[in-house]
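In: Sequence below, structure please.
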Amino acid sequence: MKIRQYDIYMANLSPAKGTEAGKTRPVVVIQTNLLNEGHTSTIICPISTNVKLEIDILRAHLTNKETEIPSDILVDQLRAIDNRRLLNKIGTLTKDQQLKLRQNIKIVLDL
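Out: Reported below is the predicted structural model:
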């Protein structure tokens, strides 16, 4: 499987602890492609259909025209997962979505 930055995969995030996003859900790869060749883990952000429009910094919103169901990328939940958790590729972020995600990651990580 060729993992690329900004690709969306279904991933098995269970078991989860506390407030971590769990279960099988979409995730977006945020790790640079420099590490995606041959690296055994990948840095991702989970995606949720529990949309909260009032939380603009911690989430990057995906609208109906971009996905079948309105969704949020959980920017504050970024983490590394073993590549074996990635099940199948289901899409790729648009350029506008990539820009919004990068902006929010910079805010959340104070970069």
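In: So for the longest helix anywhere in the chain, what gets flagged as buried?
Out: The residue-count maximum for a helix in the chain (DSSP state H) belongs to helix 95-108. By 16 or more other C-beta atoms under 10 Å, the buried positions in helix 95-108 come out as Gln97, Gln98, Lys100, Leu101, Asn104, Ile105, Val108. C-beta coordinates here come from the backbone N, C-alpha and C atoms, glycine included.
In: Then stretch 46-55?
Out: So for stretch 46-55, counting by 16+ other C-beta under 10 Å, buried means Pro46, Ile47.
In: who touches it?
Out: 8, 11, 13, 21, 25-28, 59, 61-62, 69-74, 77 (C-beta atoms under 8 Å, 6 or more residues apart in numbering).
In: one more time with 7 Å
Out: Contact with stretch 46-55 is made by 13, 21, 25-28, 59, 61, 69-74, 77, as judged by C-beta atoms under 7 Å, 6 or more residues apart in numbering.
In: So what sits opposite Ser41 in the bridge?
Out: With DSSP bridges applied, Ser41 shows beta-bridge pairing to Asp82.
In: Spit out the contact partners of it.
Out: Applying C-beta under 7 Å, 6+ apart, we find Ser41 in contact with Ala80, Ile81, Asp82, Asn83.
In: What of Arg4?
Out: With C-beta under 7 Å, 6+ apart, Arg4 has these contacts: Val29, Asn33, Asn36.
In: contacting residues around Tyr6?
Out: Val28, Val29, Thr92, Leu93, Gln98.
In: circling back: filter the contacts of Arg4 down to the buried ones.
Out: Here, 16+ other C-beta under 10 Å leaves Val29, Asn36 buried among those.
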